[in-house]
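Asker: Got a sequence here, can you build the structure:
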Amino acid sequence: MCGRASRLANKGPRDFDDHGASGMSATRPAAVRFLHLHSTFAAGGKERRAVRLMNAFGPHVHHAIVSGVPGATSAAAEIDRALTVSWPRDFPSLQGRPTPGRLKRIAEAMRGYDLVLTYNWGAMDAVMAHTLFGEMLSLPPLIHHEDGFNEDERDGLKASRNWYRRIALGRARSLVVPSEKLEEIALTTWAQPIGRVQRIPNGIDVAAFAAEPKPDALPGLIKRPGEFWIGTVAGLRPVKNLGALVRACAPLQDDCHLVIVGEGPERQAILAEAERLGIEHRVHLPGFAPAPETYIGLFDVFSLSSHSEQFPISLVEAMAAGRPVAAFDVGDVAEMVASENRRLIVPAGDELALSDALAALFHDTRARGELRKANRAKARAEFDETRMIDAYRRLYASAMGRASLP
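Answerer: Down below sits the predicted model:
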């Protein structure tokens, strides 16, 4: 946490009035209060998107944020200091058995807000609590967001979770998904009515990625002349399958370096795999780094080796920076990249094919140049964040019965 967000960490939504910490005068519109219930607020795609939306909505929307994983709040580093943000420490845990008593306590903690926003499976008990007790407690409307699946569902969705989602989402105002594949799952597997499901593709500030980065933009690393960097930005979690990316890079020439930007529990396993293969000198894990627009352009190739993705924001950022992409064919990845780049999207799990794609890009400078132009052009045409922000602004305002956000 930083700035104003950290100073307000002990305050809850009822600690602010319209003329207190918000700094609003009587002539300004009253602030609205959003409650964000996240599976985790560690810096990842969905969390960074939530922060961009918070910043875009401005100071007249107040935010209370709960992480299902206590202490996992690194995404807060990018929250605009002008915003009013609280971290309710007395909010019931989002983890545990879904007993009626626990669900009712979660529901009671939702009172006093104007809109409840829940994210991923880790917040599904809160969605169930809202469905069961929302009418009785006169709770605010709830919008749920699904961005993908963890390691425990990489080989298929769990039937018990599918049924739970069907019931829990019964009173949600909307279910937001970023990808076509998730939209199909929501409509079929989770049996959601078509009017409830809203597909809003992820977007970014495309123009911010146009500048060439400095060689020392990543902490602790300097890109030296002649080095070829294969890079990715990801939470170091099992579902990201980063050991496969290490193995795909192992046969490449010694001036090919793998740079994995992110943090998480798999750090030691990734380093151990690099040591086992004898390439620890060219595998670099600088940790989490904010502002990817300042460094993602250092990568000569962007790569994804995940077991599961849907519409990864890091891929959009790499395209905006004009990076060629070599990746496993998961989620909407093949549809996201430019048509010229699709031949380098290889079958999921095929590490040899991924290695061959990376090697081909290393040896073909002309192809890299063509793909840089094609991916950047597609990012500019389809993935600018203005469209995404407008869609969320309309959706959230409509859920609260407003014409617009204040």
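Asker: Strands of the stretch 301-406 of the chain, residue ranges please.
Answerer: With DSSP state E, counting those that start in this stretch as the criterion, the stretch 301-406 of the chain has strands at 301-304, 325-328, 345-346.
Asker: want to try a markdown table for these, with mean pLDDT, mean neighbour count and distance to residue 310 as columns?
Answerer: In short, each C-beta sits where N, CA and C put it, glycine included. What follows is the strands of the stretch 301-406 of the chain, written out as a markdown table (pLDDT from 0 to 100; neighbours: other CB atoms under 10 Å; distance: least, CB to CB, whole Å):
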| stretch | mean pLDDT | mean neighbour count | distance to residue 310 |
| --- | --- | --- | --- |
| strand 301-304 | 98 | 26 | 12 |
| strand 325-328 | 98 | 27 | 13 |
| strand 345-346 | 98 | 22 | 15 |
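Asker: Give me the helices and strands touching the longest helix anywhere in the chain, please.
Answerer: Scanning the chain for the helix with the most residues, using DSSP state H, yields helix 365-382. On a contact count with 3 or more CB pairs under 8 Å, 6 or more residues apart in numbering; DSSP states H and E, helix 365-382 meets helix 313-320, helix 351-363.
Asker: Please convert the strands of the stretch 301-406 of the chain to CSV, extending it with distance to residue 200.
Answerer: Below are the strands of the stretch 301-406 of the chain laid out as CSV (distance: least, CB to CB, whole Å):
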stretch, distance to residue 200
strand 301-304, 21
strand 325-328, 22
strand 345-346, 23
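Asker: nearest to residue 175, of those strands?
Answerer: For those, distance to residue 175 was read as CB to CB. The smallest value, 25.1 Å, belongs to strand 301-304.
Asker: The closest one pairs with which strands?
Answerer: Strand 301-304 pairs in its sheet with strand 228-233 (parallel), strand 325-328 (parallel), by DSSP bridges.
Asker: hey, where'd the helices end up in the protein?
Answerer: With helices called from DSSP H, the chain shows them at 3-7, 45-57, 100-108, 124-137, 159-168, 180-187, 242-249, 267-276, 313-320, 333-336, 351-363, 365-382, 385-399.
Asker: which of those sits most buried?
Answerer: helix 313-320 (a mean of 27; mean count of other CB atoms under 10 Å).
Asker: Show me what that one is packed up against.
Answerer: Going by 3+ CB pairs under 8 Å, 6+ apart, helix 313-320 lies up against helix 45-57, strand 228-233, strand 301-304, strand 325-328, helix 333-336, helix 365-382.
Asker: let's see it at 6 Å
Answerer: For helix 313-320, the elements it packs on are helix 365-382, judged by 3 or more CB pairs under 6 Å, 6 or more residues apart in numbering; DSSP states H and E.
Asker: how's this structure carved up into domains?
Answerer: 3-203+385-399, 206-382 (automatic domain parsing).
Asker: okay, the ones you listed in CSV with distance to residue 406 next?
Answerer: CSV is the format used below for the domains of the chain (distance: least, CB to CB, whole Å):
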stretch, distance to residue 406
domain 3-203+385-399, 4
domain 206-382, 26
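Asker: weakest of the ones you listed by average pLDDT?
Answerer: When those are compared on average pLDDT, domain 3-203+385-399 comes out lowest at a mean of 88.
Asker: next one: that one to chain centre, how far?
Answerer: With CA atoms, centre = their mean, to the nearest Å as the basis, domain 3-203+385-399 stands 13 Å off its chain's centre.
Asker: what do you get for stretch 381-398?
Answerer: The chain centroid and the centroid of stretch 381-398 are separated by 16 Å under CA atoms, centre = their mean.
Asker: Please enumerate residues in contact with that stretch?
Answerer: For stretch 381-398, the surrounding residues in contact (CB atoms under 6 Å, 6 or more residues apart in numbering) are 53, 56, 200, 203, 204, 205, 206, 316, 404, 405.
Asker: so can I have CSV of the residues you listed showing distance to residue 220?
Answerer: Shown next, in CSV, are the contacts of stretch 381-398 (distance: CB to CB, whole Å):
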residue, distance to residue 220
53, 31
56, 31
200, 36
203, 30
204, 25
205, 26
206, 28
316, 26
404, 44
405, 40
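Asker: Quick check: the farthest pair among those?
Answerer: Distance extremes for the contacts of stretch 381-398: the farthest pair is 316 and 404 at 26.3 Å, using CB to CB.
Asker: Now the residue nearest to residue 216 when sequence neighbours are not counted, what are its backbone angles?
Answerer: Nearest residue to residue 216, sequence neighbours excluded (CB to CB, 6 or more residues apart in numbering): residue 222, at 4.8 Å. Backbone torsions of residue 222, given as degrees, to the nearest 10, read phi -130, psi 130.
Asker: Offset the numbering so it begins at 22, please.
Answerer: Sure, I'll start numbering at 22, so the last one becomes residue 243.
Asker: Isn't residue 243 up against residue 236?
Answerer: Yes: at 5.3 Å, residue 243 and residue 236 qualify as touching, with contact defined as CB atoms under 6 Å.
Asker: In terms of packing, which of these two has more residues around it?
Answerer: Higher neighbour count among residue 243 and residue 236: residue 236, with 14 against 11, using other CB atoms under 10 Å.
Asker: show me the contacts for the more buried one.
Answerer: Neighbouring residues of residue 236 by CB under 6 Å, 6+ apart: 243, 244.
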